[in-house]
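*Asks:* missing the sequence, but the structure's below:
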Ligand code: GDP
Ligand code: CA
C-alpha cells in the first residue's frame, strides 16, 4: 500500500490530544510522520519573553511532559519565578508561568533574539524529544489574536480567555497584520504534497480560524489533490471543554456539529472540507452535512486517550 502523507491543522489542547492519535495511527500504519501546522494566534509577549501556548501544548504532550491534570504547562512544575515576577508587578497577575515552562520561553526568546525565525525556533524546540511529527508554525509573522468588544476596545486573546474567562461579549476576533503574513516555509508545500489534510477538533474560531486566515493557506487547501477531512469539536451540541461556544456565537455559528461543518464549507462550494467526522451523538445531523456537499462520517469522537484519538484518525483516513 502506498504511504499516506498527512498534514494536520491544530490549536492547543484539543490539537495536542488529536496529534497524539495522529502519531499513533500513522506509526501503526507505517506511514511517514505527519506535518502539524500549529496556530500561533495565541502567541504573546509578556515580561519581554515570547510565549507560544498552542505550540507548547502540542510540544509538551508529544514529549509526554505535559501536566495532564491541570490541562496546561509542564508536569511537576513549580512557580518560584512567577511569584517573584508578581512581587515586581511584572507580567500578568492572573497568568501563571511555571518555572520549567519559563525555561522553554527563555530558550525560544533567546533564539529569536539571535535571529532565528519562529519556524527555525519551533524546529529547534522539537529536537529535544522524539516527537514523531514535524511541527511548523502557521506563519513566521506576529499576528496575535485580539478580541474586539462591542465598545470597540480590544484586548489580547489570552487576557480575554484567561483573565475574563470569555465573559466579555466579543464583537469579533482580529489578527492584526495577517493580511500581509505569509505561510511559514514548508506549509504550502506540505499541503500540496499531502494525501490527506486533517482539521483537528480545535477551536474553529481562534485556533483553526487564524490558520485559515493566513493568505494562501485556504487557497492551498482548496487546490490540493489531498482529501481534506475535519473532526467536529462539538459533540451533542456542546464544546467538549473550554469556551469555544462563545467564540462560535460571536461569528454567528451555532454550537452544533453540522453548523461548524457548514462554517468550514464544502470544497465544492468555496469551502475547505471534503469530509466531516461527527460524533455518534450527532448522527442525526449527518444528512444536513451531506446536503452541504460534505461527506459525513459518524464515529466516536471522545479523545479519552491516545488510542481513542488514533481510532478517530483511522476513521478519518478510512473516509477517503
Ligand atoms: P486550545 O488552543 O487549548 O483552546 O485547544 P484547541 O483549540 O486545540 O481545542 C479546543 C477544542 O477541542 C475545544 O473547543 C473542544 O471542543 C475540543 N475538544 C476537546 N476535547 C475533545 C474531545 O475529546 N473530542 C472532540 N471531538 N473535541 C474535543
Ligand atoms: Ca489556543
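*Replies:* Thanks, I have it. None of the values given here were measured: they were computed from a predicted structure. Ligands and ions are numbered 1, 2, ... in the order given.
*Asks:* Low-confidence bits of the stretch 1-150 of the chain, can you list those?
*Replies:* Scanning the stretch 1-150 of the chain for pLDDT under 70 picks out the ranges 1.
*Asks:* Okay, helices next: where are they in it?
*Replies:* 13-29, 53-63, 80-88, 99-113, 118-125 (DSSP state H, counting those that start in this stretch).
*Asks:* swap in the stretch 151-300 of the chain?
*Replies:* With DSSP H, counting those that start in this stretch as the criterion, the stretch 151-300 of the chain has helices spanning 157-158, 187-193, 208-213, 217-223, 244-250, 257-264, 286-291.
*Asks:* quick one, which of the helices of the stretch 1-150 of the chain is nearest to residue 154?
*Replies:* helix 53-63 (18.8 Å; C-beta to C-beta). Backbone N, C-alpha and C define where each C-beta goes, glycine included.
*Asks:* Please compute how far the closest one lies from its chain's middle.
*Replies:* In terms of C-alpha atoms, centre = their mean, to the nearest Å, the centre of helix 53-63 is found 10 Å from the chain centre.
*Asks:* ok, now stretch 198-211?
*Replies:* 5 Å.
*Asks:* That stretch near ligand 1 at all?
*Replies:* Yes: using C-beta under 6 Å from any ligand atom, stretch 198-211 comes into contact with ligand 1 via 201, 202, 203, 207.
*Asks:* okay if I get the helices of the stretch 151-300 of the chain as a markdown table plus mean pLDDT?
*Replies:* Putting those into a markdown table (pLDDT from 0 to 100) gives the following:
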| stretch | mean pLDDT |
| --- | --- |
| helix 157-158 | 97 |
| helix 187-193 | 98 |
| helix 208-213 | 98 |
| helix 217-223 | 98 |
| helix 244-250 | 96 |
| helix 257-264 | 98 |
| helix 286-291 | 98 |
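*Asks:* Next to ligand 1, which bits of the stretch 201-320 of the chain? Give me the list.
*Replies:* 201-203, 207, 231-233, 235, 239-242, 244, 301-303.
*Asks:* let me fix that: the stretch 1-150 of the chain
*Replies:* 10, 11, 12, 13, 14, 15, 17, 54, 57.
*Asks:* burial measure for the second one, as a count.
*Replies:* The burial metric for residue 11, expressed as a neighbour count using other C-beta atoms under 10 Å, is 31.
*Asks:* And for the first one?
*Replies:* A count of nearby residues for residue 10, using other C-beta under 10 Å, gives 32.
*Asks:* Was I right to think it contacts residue 59?
*Replies:* No: in this structure, residue 10 is not within contact of residue 59 by C-beta atoms under 8 Å, at 11.6 Å.
*Asks:* okay, and the common contacts of those two?
*Replies:* Counting by C-beta atoms under 8 Å, 6 or more residues apart in numbering, residue 10 and residue 59 have no common neighbour.
*Asks:* Spit out the contact partners of the residue in the chain positioned nearest to ligand 2.
*Replies:* Nearest residue of the chain to ligand 2, counting by C-beta to the ion: residue 12, 3.6 Å away. By C-beta under 8 Å, 6+ apart, the contact set of residue 12 is 39, 42, 53, 54, 57, 58, 72, 202, 207.
*Asks:* How about the backbone phi and psi for the second one?
*Replies:* The phi and psi values for residue 42, taken as degrees, to the nearest 10, are phi -80, psi -10.
*Asks:* Excluding sequence neighbours, find me the nearest residue to it.
*Replies:* residue 53 (4.5 Å; C-beta to C-beta, 6 or more residues apart in numbering).
*Asks:* quick one: that neighbour and residue 46 touch, right?
*Replies:* No: Residue 53 is beyond contact range of residue 46, at 10.8 Å (criterion: C-beta under 8 Å).
*Asks:* Which of those two has more residues huddled nearby?
*Replies:* residue 53 (23 against 16).
*Asks:* Which residues are in contact with residue 242?
*Replies:* 13, 203.
*Asks:* any idea how far it is from residue 173?
*Replies:* 15 Å (C-beta to C-beta, to the nearest Å).
*Asks:* Look up how far residue 31 lies from the residue of the chain closest to ligand 2.
*Replies:* Distance of residue 12 to residue 31, computed by C-beta to C-beta: 24 Å.
*Asks:* Kindly report the same for residue 240.
*Replies:* For residue 240 relative to residue 31 (C-beta to C-beta), the value is 27 Å.
*Asks:* Understood, closing this out.
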